[in-house]
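Student: Sharing a model that was predicted from the sequence below.
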Amino acid sequence: MLLQLLANGLVAGAVVAIAAVGVSLLYGILRLVNFAFGDLMTLGAFVGVYANVAGGIPIAAATVVAMAATAALSVALEYVLWRPLRARGARFMSLFLASIGLALILRQAILLVAGPQPRSFDVDPYKVYVLGDIRLSVGQALAFLVAVAAIVVVGLLLGLTTTGRSMRAVADDRALASVAGIHTARIVVLTWILAGLLAGLAGVLAGLVQSSFDPNFGFALLLPTFAAVVLGGIGSAYGALAGGLLLGLATELSTWHGFLGGVDPVYKPVVAFVVLIAALLLRPQGLLGRAVRAA
Amino acid sequence: MSTVASAEFWAFVGVVSGIYTVLALGIQLEFGFAGLLNFGHVAFMAIGAYSMAILTVKAGLSMWLAAVLGILLAAASGLLLGLPTLRLRGDYFAIVTIAFSEIVRYVATNEDSLTGGSQGTINLSGPGAAAQYNGQWERFQAWLQQTLHIGAKDAAMLLVVWVVALGLTAALALAMRTPWGRVLKAVREDEDVAASLGKNVLAYKLQALALGSAAAGLAGCLYAWQFSFFSPDDFAPLLTFFAWMIVILGGLGRTFAVPVGALAFGLVFAGTRFFDFAPFSYFDSAERAYLRLIVIGLLIILLVLFRPWGLLGRRQEALLE
């Protein structure tokens, strides 16, 4: 039972980790708390499901289509929405409100086009992988493997490539990065591409983990994602990865009967919210971050 | 076109706008005057409405006493939430408050024995017994209709809601002209300056949050009486955003802009429900509901982009940056 919960937690956590990296990069580089990220994930899942089920193409190709769609939309929005907003001197509050408006538009547009009924990817719902005491559905196993691969790729991208280093430099200190010769406008567009790709991927994987999903499911994943971002230290990409895994584990393990009799599974999302609030109150600099005085 | 011309339609738009005025006054006080980014406002509306209904049905209290207790409980919850969280940075506080409002909604959905669960207040006395919390409200409305010789029930509700909404608006406008109001605005403009003058910044913020939450609790009670039934889904985060939109639409930091913003919002929100002519007739009612929210999302973005000081705000005093 405990092993199964651990496995579920790792699967859920790996998917949240991918989303959290996207949210964290956007915050670090644009100072944007992107409320529309959850609904962008929903969009990815729906594009994927249309390509996979209606279009009949394999799930791997459908995932690529979904990621391309969310990345393209993210870049387009940078030009028509975010850049004009920044040019008008918009700061945290305006950006946050605009992302709320965008979240509304995205989710309602998906509802308008696709309807409210639940969807599923074309994977065998009865096939189960058994590893000792652990049982994983095809969706869970696929999501976990792809998520881990994606985490490694993103980690290498941020750590080893010039672009990745530039991104982290801009997130750390925009003015300093600019003085050092980093073309910040280009980095912003690249950040949107990366965040868009991650949103599409996280959406498809989250859809695979839950056997079925509706247009509201991305929004339900948004607060756990925020919690992971905060746990890892807002703006830190590596922290977000760790925060996601930790949050997934904490949420699943909280239902274990050995833990004070276990939390009722219906309250799993609440566990994530409580972790979020506790993390903000106790360690707003993140679990691994150093405390700095806010400017 | 018949529905658009009917009296019931305008009464409905008016009642909805009045209730949203009360809700949005809380945001105006908290953000427009004290600079607090409360994005969990709907939680206090839920606490007010549920406390009123539960205390009436389960504890057998008078509905009026239950409503007063519900509003006080909403204010007390604001204090309890604010005490540990108000020292957080603005964006962190915003996220914590959203999380809080989702916790409240999850608890209301899952604690069937307390709230009636996802089926709503009809289930308050347990399954099989349709619970009603608004008997006294119905009698009050009937008495009002008789005393003032008002024919329609809607008209009586409209009167009550707007007397409350405008009374509260006037009270807030007066409060902001007192020394208390001036200190609150000073806290919004520069906390350090206010603190250096010996003002207890946290206490002022807490008072703003408690009073704003009380307004939300009152809006919750009015909402409950208007619809005579409610469920946890009535308190989704969306309502918080509606309240924010009303305040920004009207003008941040301008008390009398709130009812104007609420009326404009009510026209867009409730009004489009009755648009049964082309091109709206091409969509069924569920699709029109989605379209309505798309329009509201677009409005939020356009406001932030082109008119962040709102319809009645002053450009020089723009609080949104």
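Tutor: Arrived safely.

Student: pull the longest helix from chain B.
Tutor: Selection of the longest helix in chain B by residue count, based on DSSP state H, yields helix B:201-227.

Student: Tell me the helices and strands packed up against that helix.
Tutor: Applying 3 or more Cβ pairs under 8 Å, 6 or more residues apart in numbering or on different chains; DSSP states H and E, one finds that helix B:201-227 contacts helix B:7-27, helix B:41-57, helix B:63-85, helix B:153-175, helix B:179-189, helix B:191-196. All C-beta atoms are positioned from the backbone trio N, CA, C, and that covers glycine.

Student: helices and strands around the last one, which ones?
Tutor: Which is helix B:191-196. Of the remaining helices and strands, those touching helix B:191-196 by 3+ Cβ pairs under 8 Å, 6+ apart are helix B:179-189, helix B:201-227.

Student: Can you point out the buried residues in that helix?
Tutor: Within helix B:191-196, the residues scored as buried using 16 or more other Cβ atoms under 10 Å in any protein chain shown are B:191, B:194.

Student: For the stretch 101-250 of chain B, what lies in contact range of chain A?
Tutor: With the criterion set to Cβ under 8 Å from any Cβ of the partner chain, the stretch 101-250 of chain B comes near chain A through B:102-103, B:106-107, B:109-110, B:238, B:241, B:244, B:248.

Student: ok and the residue in the stretch 151-295 of chain A nearest chain B?
Tutor: Residue of the stretch 151-295 of chain A nearest chain B, by Cβ to the nearest Cβ: residue A:273 (4.0 Å).

Student: Secondary structure element for that residue, which one?
Tutor: Residue A:273 is located in helix A:268-282, with elements delineated by DSSP states H and E.

Student: can you pull the contacts of the residue of the stretch 151-295 of chain A closest to chain B?
Tutor: Residue A:273 is in contact with A:223, A:227, B:99-100, B:102-103, counting by Cβ atoms under 8 Å, 6 or more residues apart in numbering or on different chains.

Student: can you list these in a markdown table and add pLDDT?
Tutor: Shown next, in a markdown table, are these (pLDDT from 0 to 100):
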| residue | pLDDT |
| --- | --- |
| A:223 | 89 |
| A:227 | 88 |
| B:99 | 92 |
| B:100 | 94 |
| B:102 | 93 |
| B:103 | 93 |
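
Student: Tell me the one of these nearest residue A:130?
Tutor: Proximity of these to residue A:130, judged by Cβ to Cβ, is greatest for residue A:227, which lies at 31.3 Å.

Student: now the stretch 201-321 of chain B, which segments are flagged as low pLDDT?
Tutor: With pLDDT under 70 as the threshold, the stretch 201-321 of chain B has low-confidence stretches at B:271, B:273-278, B:316-321.

Student: any chance you could map the helices in it?
Tutor: Counting by DSSP state H, counting those that start in this stretch, the stretch 201-321 of chain B has these helices, from start to end: B:201-227, B:237-250, B:257-269, B:285-306.

Student: and the second one, how far from the chain's centre?
Tutor: So the one you mean is helix B:237-250. For helix B:237-250, the gap between its own C-alpha mean and the chain's C-alpha mean amounts to 9 Å (Cα atoms, centre = their mean, to the nearest Å).

Student: Ok, stretch B:91-100 next?
Tutor: For stretch B:91-100, the distance to the chain centre is 18 Å (Cα atoms, centre = their mean).

Student: Kindly format the C-alpha coordinates of that stretch as PDB.
Tutor: Extracted in PDB, the C-alpha atoms of stretch B:91-100 (Å, rounded to 0.1, in the frame of the first residue of the first chain):
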ATOM      1  CA  ASP B  91       1.900  38.300  -4.800                       C
ATOM      2  CA  TYR B  92       2.400  35.600  -2.100                       C
ATOM      3  CA  PHE B  93      -0.600  36.900  -0.200                       C
ATOM      4  CA  ALA B  94      -2.700  36.700  -3.400                       C
ATOM      5  CA  ILE B  95      -1.800  33.100  -4.000                       C
ATOM      6  CA  VAL B  96      -2.400  32.200  -0.300                       C
ATOM      7  CA  THR B  97      -5.900  33.700  -0.400                       C
ATOM      8  CA  ILE B  98      -6.800  31.800  -3.600                       C
ATOM      9  CA  ALA B  99      -5.700  28.600  -1.900                       C
ATOM     10  CA  PHE B 100      -7.800  29.500   1.100                       C
END
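
Student: could you list every residue that touches the residue lying farthest from the centre of chain B?
Tutor: Among the C-alpha atoms of chain B, the one most distant from their mean position (Cα atoms, centre = their mean) is that of residue B:196, at 34.1 Å. Residues in contact with residue B:196 (Cβ under 8 Å, 6+ apart): none are found.

Student: Distance check, it against residue B:89.
Tutor: Shown here: residue B:196 relative to residue B:89, a distance of 20 Å by Cβ to Cβ, to the nearest Å.

Student: Kindly report the residues of the stretch 101-250 of chain A close to chain B.
Tutor: Taking Cβ under 8 Å from any Cβ as the measure of proximity, the stretch 101-250 of chain A contacts chain B at A:101-105, A:108-109, A:111-112, A:116, A:223, A:226-227, A:230.

Student: go with 10 Å
Tutor: For the stretch 101-250 of chain A, the residues in contact with chain B (Cβ under 10 Å from any Cβ of the partner chain) are A:101-113, A:115-116, A:215-216, A:219-220, A:222-224, A:226-227, A:229-230, A:234.

Student: Where does the nearest residue to the residue of the stretch 151-295 of chain A closest to chain B once chain neighbours are set aside fall, secondary structure wise?
Tutor: Counting by Cβ to Cβ, 6 or more residues apart in numbering or on different chains, residue A:273 lies nearest to residue B:99, which is 4.0 Å off, once chain neighbours are set aside. Using DSSP H and E, the element containing residue B:99 is helix B:90-110.

Student: same deal with residue A:70?
Tutor: Taking DSSP H and E as the definition, residue A:70 sits inside helix A:59-77.

Student: May I see the buried residues of the next helix or strand after that helix?
Tutor: If you walk from helix A:59-77 toward the C-terminus, the next helix or strand you reach (DSSP H and E) is helix A:83-87. Applying a neighbour-count criterion of 16+ other Cβ under 10 Å, the buried positions in helix A:83-87 are A:85-86.

Student: how near is residue A:87 to chain B?
Tutor: According to Cβ to the nearest Cβ, to the nearest Å, residue A:87 stands 10 Å off from chain B.
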